[in-house]
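Asks: Take a look and give me a structure for this.
(chains A and B)
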Amino acid sequence: MSQPLQGRLALVTGSGRGIGNAIALKLASQGADIIVNFFRRRDAAEKTARDIEAMGVKAQVIKANVGDPAKIDEIFDTIGNDWGHLDILINNAASGVGRSVMDLDVKAWDWTMDINAKAVLLCSQRASKLMEGRGGKIVSISSLGSSFVLPTYAIVGVSKAALEALTRYLAIELAPKGICVNAVAGSAVETEALKFYIKEGLIKDTRQATPAGRMVTPEDVANTVAFLCSEEAFMIRGQTIIVDGGTSVAPFATPE
Amino acid sequence: MSVEEQIREIVAKIVHVDKSLITREGTFKDIKADSLDIVQAMVAVEDTFDIEIPDEEAQKFQNFGDFVDFVERCLAAKERA
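Replies: So this is what the prediction gives:
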């Protein structure tokens, strides 16, 4: 039986570790060939690529800081030359500087906005050209920090709000080209980055307070991304789907 | 210009300090560089010399001299390849 994404090509930015890694593996498990983009950890990206190839699909590793427009051009020039097309873009790569609003400076603002917001615009623009005539899916990864105030999360939250607004505009402008654009926002997702926040006392260990009874995993986010990349999600456009085990709709919930 | 001098210029520009303050024995902490400065310096040096500085290697640098020595080793390896 053919797999739902067989013969499709997906670029997952920042897919060496964490949520990006889970998304890359999920899409590969559905038959997609994967471009694994990384910035700082080649060993992790190469491990992701080996795991993808073990599923019988192709993987290509591309190093690039998506905060640099010239590097984004390099990614898409490579994909254009090597593959000639793209079916799925997952804007997952993210960075940030943990500071309060009043401690933010221009450098921290530019660094975070370049990677978390500007790259979403530039990658989507380039990707949509490689999707011409074949349709496509663009899914960007947001977080609840776009709508809620989290300690030292200001600039990341602002960048994710920009990402979500951009998702709506892209969804409408790219709809005539058959490209579906959406976002997925997780709450505290169980990753290495989250462990740092808990260790530093910046957020509480939310395991007990999540109505669904456990923390959100990278695989939970990846499952939703995979759904948005399926034809069943064709009529979902410009939305940010929240994956948080119910946390955001029950802010006053206490553990039993 | 030597590799060491080029790296010194890159770091000085990113951290906004006079390059005379960057010594082989000195650390990023000595010149009040924050974590973002350090990442940007690594990226700029990688781009300038077309090399990769894995995070796990960067974490071993005790001072600026270690940083320079690592870059010089990368360049020597590149030349041999």
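Asks: The chain: strands as residue ranges?
Replies: Chain wasn't specified; assuming chain A. Per DSSP state E, chain A carries strands over the ranges A:9-12, A:33-38, A:59-63, A:88-91, A:136-143, A:179-186, A:240-243.
Asks: likewise chain B?
Replies: For chain B, none of the segments meets the definition of strands by DSSP E.
Asks: Which elements pack onto the longest helix along it?
Replies: Taking DSSP state H as the assignment, the helix of chain B that covers the most residues is helix B:64-80. For helix B:64-80, the elements it packs on are helix B:3-15, helix B:35-49, judged by 3 or more C-beta pairs under 8 Å, 6 or more residues apart in numbering or on different chains; DSSP states H and E. To be clear about C-beta, it is placed using only N, CA and C from the backbone, and glycine gets the same treatment.
Asks: distance of the residue in the stretch 151-256 of chain A positioned nearest to chain B from residue B:37?
Replies: Among residues of the stretch 151-256 of chain A, the one nearest chain B by C-beta to the nearest C-beta turns out to be residue A:155. It sits 10.9 Å away. Using C-beta to C-beta, to the nearest Å, residue A:155 is found at 16 Å from residue B:37.
Asks: before we move on, what about residue A:39?
Replies: Taking C-beta to C-beta as the criterion, residue A:39 is separated from residue B:37 by 17 Å.
Asks: try residue A:250
Replies: From residue A:250 to residue B:37 the distance is 41 Å (C-beta to C-beta).
Asks: Report whether the helix-or-strand element of chain B with minimal mean pLDDT contacts chain A.
Replies: In chain B, the helix or strand scored least confidently by mean pLDDT, DSSP states H and E is helix B:55-58, which has a mean of 86. Yes. Contact of helix B:55-58 with chain A (C-beta under 8 Å from any C-beta of the partner chain) involves B:55, B:56.
Asks: what angle do the longest helix of chain B and helix B:35-49 make?
Replies: Between the axes of helix B:64-80 and helix B:35-49, defined by axes from the mean of the first three to the mean of the last three C-alpha atoms, to 10 degrees, the angle is 30 degrees.
Asks: before we move on, back to that, compare the helices and strands packed on helix B:64-80 and give me the one nearest residue A:100.
Replies: Ranking these by their distance to residue A:100 (criterion: C-beta to C-beta) puts helix B:35-49 first, at 15.2 Å.
Asks: Give me the average confidence score over the closest one.
Replies: Helix B:35-49 carries an average pLDDT of 93.
Asks: Export it to PDB, keeping only CA atoms.
Replies: Once side chains and other backbone atoms are set aside, the C-alpha atoms of helix B:35-49 remain, and they are given as PDB (Å, rounded to 0.1, in the frame of the first residue of the first chain):
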ATOM      1  CA  SER B  35      25.800  34.100  24.900                       C
ATOM      2  CA  LEU B  36      24.400  35.800  21.700                       C
ATOM      3  CA  ASP B  37      27.700  37.500  21.100                       C
ATOM      4  CA  ILE B  38      29.500  34.100  21.400                       C
ATOM      5  CA  VAL B  39      27.100  32.400  18.900                       C
ATOM      6  CA  GLN B  40      27.400  35.300  16.500                       C
ATOM      7  CA  ALA B  41      31.200  35.300  16.700                       C
ATOM      8  CA  MET B  42      31.300  31.500  16.000                       C
ATOM      9  CA  VAL B  43      29.000  31.900  13.000                       C
ATOM     10  CA  ALA B  44      31.000  34.800  11.600                       C
ATOM     11  CA  VAL B  45      34.300  32.900  12.000                       C
ATOM     12  CA  GLU B  46      32.700  29.900  10.400                       C
ATOM     13  CA  ASP B  47      31.600  32.000   7.400                       C
ATOM     14  CA  THR B  48      34.800  33.800   7.100                       C
ATOM     15  CA  PHE B  49      37.000  30.700   7.000                       C
END
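Asks: hmm, who's touching it?
Replies: With contact meaning C-beta atoms under 8 Å, 6 or more residues apart in numbering or on different chains, helix B:35-49 is reached by A:40, A:65, A:97, A:107-108, A:111, B:3, B:6-7, B:10-11, B:14-15, B:28, B:33, B:51-53, B:58, B:67, B:71, B:74-75.
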